[in-house]
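Asker: Dropping a prediction and its sequence here:
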Amino acid sequence: MKNFKTQFCEQTGIDFPMIMAPMFLVSNEAMIKAAIRNGIMGVFPSLNYRNEGELKSVLSELKKYISGNKYTGNYGVNLIVQQTNVLYKKHLAICLEEQVPFFITSLGNPKEVIEGAHAYGGKVYCDVTNMEHARKCATLGADGFIAVCSGAGGHAGPHPATVLIPVLRKEFPNIPVVMAGGIADGQGMLAAFSLGAAGVSIGTRFIACDEAAVSDEYKQAIIEAGIDDIVMTERLSGTPCSVINTDYVKRIGLKQNLVEKWLNKNATTRKWFKILTQLRGMKKLSKAIQPGNYQSIWSAGQSSALISSSASCDVIIAQLKSETNTAFEKLHTLFN
Ligand SMILES: Cc1cc2nc3c(=O)[nH]c(=O)nc-3n(C[C@H](O)[C@H](O)[C@H](O)COP(=O)(O)O)c2cc1C
């Protein structure tokens, strides 16, 4: 097996440049432990642990897991650094106290996370979908970018990877870029490396894993979804988010209504309406992942079209690594 180590691996001490991406309501401790023991980076959203004491407890559990073993993977936390995340300050304080080794920041201004993590040697990668935000993060001292490209699960960016990654590399040659969006096999990973990415961040592939505590209906819907079955909806958080186009999604439509749009834009109502919309969206998603729920609004990216089975995280990660190796070896034969 070829050694695929990159600058991202050097910065974070991992063996293989892959992130098991943070996924609201999906990522859990068992999945992150699998990432750690398989030499990759496992990241979970702090918002998956909203009850008092939960975040601290999972962080100390992961610290124990990693320190008692010779694993070559690592773990990190995803923080939504936006005013609408009412738990942000509290979660940041807990993460810094526990000296979380790696962070992914989404939205907003990552200044406090970068300063706090750098004080003990932690690394911070910032989600970026455009150059304006990338420039801000670079100025603040981000250690790397997660290029959230079109087709990604969650809040996908507008740009294709083939453009966003080279453009980021050109303007910031010293900042490693991890590609997120549309990767669910080794060929996709090799494509990311060929564009100049120092790693890949994979979400949707890991929804259909044995460890994810979401309903079998949701996992099966990912296995069955084709490339045209993923749509962007504003009905969850106000910001377009990729979901499987189920009958329920078709019934409620993809756009906010006129009143919602106005409340979302108006200077006095914007902040509170956004918080309300996001809380409502979280509630909808939490219900939808339960077995037998008929309000099936399931978040997933276009890479669903590449997923045809559910398996344990150990198996999925081993498969992704070996496929990358095969794709690398096969590439030469293309040009004979
Ligand atoms: C169900 C789901 C939930 C997600 N939740 C979050 C989140 O809480 N925070 C975040 O930064 N990204 C979130 N994402 C985006 C992922 O971290 C990652 O960028 C994306 O899944 C990569 O694209 P892929 O799904 O095509 O692999 C989510 C994605 C999915 C599919």
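Answerer: Sure thing, it's come through.
Asker: Can you read off the pLDDT for the residue in the stretch 201-336 of the chain positioned nearest to the ligand?
Answerer: As assessed by Cβ to the nearest ligand atom, the ligand sits closest to Gly203 within the stretch 201-336 of the chain, at 2.1 Å. For every residue, glycine as well, the C-beta is placed using N, CA and C. On pLDDT, Gly203 comes in at 98.
Asker: any idea how far Cys9 is from the closest residue in space to it that isn't next to it in sequence?
Answerer: In space, and not counting its chain neighbours, Gly203 is closest to Ala21: 3.7 Å by Cβ to Cβ, 6 or more residues apart in numbering. In this structure, Ala21 and Cys9 are 17 Å apart, going by Cβ to Cβ, to the nearest Å.
Asker: now swap in Asn85 and tell me
Answerer: Distance of Asn85 to Cys9, given as Cβ to Cβ: 30 Å.
Asker: Repeat that for Gly281.
Answerer: On the measure of Cβ to Cβ, Gly281 and Cys9 end up 35 Å apart.
Asker: next one: Ser67
Answerer: Counting by Cβ to Cβ, the gap from Ser67 to Cys9 is 20 Å.
Asker: Out of the two, name the residue with the larger neighbour count.
Answerer: Between Ser67 and Cys9, Cys9 has the larger neighbour count (other Cβ atoms under 10 Å), namely 23 against 8.
Asker: you'd agree that one is in a helix?
Answerer: Yes - Cys9 sits within a helix when classified using DSSP: H, G, I helix; E, B strand; the rest coil.
Asker: Which positions in this protein make contact with the ligand?
Answerer: For the chain, the contact set with the ligand under Cβ under 6 Å from any ligand atom comprises 21-24, 26, 45, 78, 106, 127, 148, 152-154, 180-183, 201-204, 207, 299-301, 303.
Asker: mind listing which of the residues you listed are in strands?
Answerer: Counting by DSSP state E, the residues of the chain next to the ligand place Pro45, Asn78, Ser106, Asp127, Val148, Ala180, Ser201, Ile202 in strands.
Asker: so where's the stretch 51-200 of the chain shaky on pLDDT?
Answerer: The model of the stretch 51-200 of the chain has no residue with pLDDT under 70.
Asker: Helices of that one, start to end?
Answerer: Assigned by DSSP state H, counting those that start in this stretch, the stretch 51-200 of the chain shows helices spanning 54-67, 88-97, 111-118, 131-139, 161-171, 186-194.
Asker: Now render those helices as CSV, adding distance to Lys250.
Answerer: Shown next, in CSV, are these (distance: least, Cβ to Cβ, whole Å):
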stretch, distance to Lys250
helix 54-67, 35
helix 88-97, 34
helix 111-118, 38
helix 131-139, 32
helix 161-171, 29
helix 186-194, 29
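Asker: Ser286: which of the ones you listed is closest?
Answerer: helix 54-67 (14.8 Å; Cβ to Cβ).
Asker: Show the backbone phi and psi for Ile19.
Answerer: When read as degrees, to the nearest 10, the backbone of Ile19 gives phi -110, psi 130.
Asker: show me the contacts for it.
Answerer: Neighbouring residues of Ile19 by Cβ atoms under 8 Å, 6 or more residues apart in numbering: 40-43, 76, 104, 146, 178, 180, 199-202.
Asker: Try it again at 10 Å.
Answerer: 8, 12, 35, 40-43, 74, 76, 78, 102, 104, 125, 146, 178-180, 199-203 (Cβ atoms under 10 Å, 6 or more residues apart in numbering).
Asker: For PyMOL, what selects the buried ones among the residues you listed?
Answerer: The following PyMOL line selects those of the contacts of Ile19 that are buried, judged by 16 or more other Cβ atoms under 10 Å:
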select buried, resi 8+12+35+40+41+42+43+74+76+78+102+104+125+146+178+179+180+199+200+201+202+203
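Asker: Surely Glu149 and Pro166 touch.
Answerer: Small correction: residue 149 is Cys, not Glu. No - the pair Cys149 and Pro166 does not pass the contact test of Cβ atoms under 10 Å, sitting 11.8 Å apart.
Asker: Between those two, which is the more surrounded one?
Answerer: Legend: neighbour count by other Cβ under 10 Å for Cys149 and Pro166, higher for Cys149 (25 against 14).
Asker: May I have the phi/psi pair for the more buried one?
Answerer: Dihedral angles for Cys149 - degrees, to the nearest 10 - are phi -100, psi 170.
Asker: of the ones in strands among the residues of the chain next to the ligand, closest to Lys271?
Answerer: Nearest member of those to Lys271, counting by Cβ to Cβ, is Ser106, at 17.4 Å.
Asker: That's all I had, so thanks and see you.
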